[in-house]
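# quick one, what's the 3D model for this:
(one chain, ligands or ions: 2)
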Amino acid sequence: MKSFRTLLKSADRPPLGLFVKIPAPELAEIIAGVGVDFVVIDTEHALLSVRDVYHMTVLYSSLGVVPLVRVTDHGYGDAQRYLDAGVAGLLFPHVSNGAEARALGRQFLFPPRGTRGMGFASRAGRWGRLPGGRAEYVRYGNEEVVRFAMVEERESVDDIDAILSAEGIDGIFIGPSDLSLSMGAPASSPEVSAAIDRAIEQAVAAGKPVGTVVSDPAEAARRLAQGCTYLLIGNDTGIFSRALVASVEKFAQSVQRTGAQSGVAS
Ligand code: 3PY
Ligand code: MG
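Residues are numbered from 1 along each chain as shown. Ligands and ions are numbered 1, 2, ... in the order given. As a prediction, the model looks like this:
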């Protein structure tokens, strides 16, 4: 299975991904067909079951799209099941400070570095037949899987160095919407912009992958020039809504109701 680290190293361009909230195989084929490099299956903001995540993981990985999961919270149970299902990494929402980052890192590293449980007879262990055996399952889980802290609060930016240096935290993802809410200022304001710039600068200085979500190519180019190593270009429901609004508007302008079509008897 392709890892996110491989994608970071080997893609011709920095990896581009999408948040996905709709567990449809049709959508997975469309996403893979247009060359999206990775998806973040979004369990924080979508009503996806653990089974949905499992089916999406199997499907996206077999289509060559690297699956990550944004978990709902900082708990162990479901996230551990996603790792054993073979996801390439986890995004933890709302990591406020270094202490939370260190606890998350420990929870998803195997002993002696952490406390993650062994589940070799799982999909991640190729059902107990992974070449290299248990040692490779543990190495892959520690070294190839990525654990990203989401930096989306004022406090997270204040403690960014501690988050970046937490053992087991392999990189960060900056959430501009929640950061803006937490700072009580619009995402386009100078304060929020400076906070995002600072988080990117510190990640670059620490040599850790950093990504964020962008809304247009100019913003993408600016973030890449600053040092972002991967980008999310939106989410399935948002993209579909915008495309549908544009389509309905286009037809609404050209289609006029006539008396004969109105169905009203004259
Ligand atoms: C945020 O912006 O808050 C996110 O979680 C990602 O878009
Ligand atoms: Mg958020």
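# what's opposite the residue minimising distance to the centre of the chain in the beta bridge?
Nearest to the mean C-alpha position of the chain, by Cα atoms, centre = their mean, lies Val40 at 3.5 Å. Here Val40 sits in beta bridges with Phe19, Leu68, going by DSSP bridges.
# do you know how far it is from Pro15?
Distance, Val40 to Pro15, using Cβ to Cβ, to the nearest Å: 11 Å. All C-beta spots, glycine's among them, are computed from the backbone N, C-alpha and C.
# with Arg198 instead?
In terms of Cβ to Cβ, Arg198 sits 23 Å off from Pro15.
# what about the two, which has more around it?
Using other Cβ atoms under 10 Å, the more surrounded residue of Arg198 and Pro15 is Pro15, with 21 against 14.
# in contact with the closest residue to the more buried one other than its chain neighbours, which residues?
Nearest non-adjacent residue to Pro15, counting by Cβ to Cβ, 6 or more residues apart in numbering: Asp37, 4.1 Å away. Asp37 makes contact with Leu7, Ala11, Pro15, Leu16, Gly17, Val65, Val66 under the criterion Cβ atoms under 8 Å, 6 or more residues apart in numbering.
# now Asp37, what are its backbone angles?
Phi and psi for Asp37, reported as degrees, to the nearest 10, are phi -80, psi -40.
# next, count neighbours for the spatially closest residue to Val39 that is not a sequence neighbour.
Using Cβ to Cβ, 6+ apart and skipping the chain neighbours, the partner closest in space to Val39 is Val20 (4.7 Å). With neighbours defined by other Cβ under 10 Å, the count for Val20 comes to 25.
# how much space separates Val20 from ligand 2?
According to Cβ to the ion, to the nearest Å, Val20 and ligand 2 sit 15 Å apart.
# what residues does this protein have near ligand 2?
Neighbours of ligand 2 within the chain, by Cβ under 5 Å from the ion: Glu152, Gly175, Asp178.
# can you redo the residues you listed as a markdown table with secondary structure?
Below are the residues of the chain next to ligand 2 laid out as a markdown table (DSSP: H, G, I helix; E, B strand; the rest coil):
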| residue | secondary structure |
| --- | --- |
| Glu152 | coil |
| Gly175 | coil |
| Asp178 | helix |
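# next, count neighbours for the residue in the stretch 51-200 of the chain that ligand 1 sits nearest to.
Nearest residue of the stretch 51-200 of the chain to ligand 1, counting by Cβ to the nearest ligand atom: Gly175, 2.8 Å away. When neighbours are defined as other Cβ under 10 Å, Gly175 has 24 of them.
# pull the contacting residues for it.
With Cβ under 8 Å, 6+ apart, Gly175 has these contacts: Pro93, Met150, Val151, Glu152, Thr212, Val213.
# how about the nearest residue to the fifth one, chain neighbours excluded?
Closest residue in space to Thr212, ignoring its immediate chain neighbours: Ile174 at 4.2 Å, by Cβ to Cβ, 6+ apart.
# can you pull the phi/psi pair for the one you found?
Here is the backbone geometry of Ile174 (degrees, to the nearest 10): phi -90, psi 120.
# kindly report the same for Leu90.
The phi/psi pair for Leu90 (degrees, to the nearest 10) is phi -120, psi 140.
# so how far is Leu18 from it?
Using Cβ to Cβ, Leu90 is found at 17 Å from Leu18.
# what do you get for Arg147?
Counting by Cβ to Cβ, the gap from Arg147 to Leu18 is 20 Å.
# wait, the residue nearest to Val39 sits on His55?
No - at 12.0 Å, Val20 and His55 do not qualify as touching, with contact defined as Cβ atoms under 8 Å.
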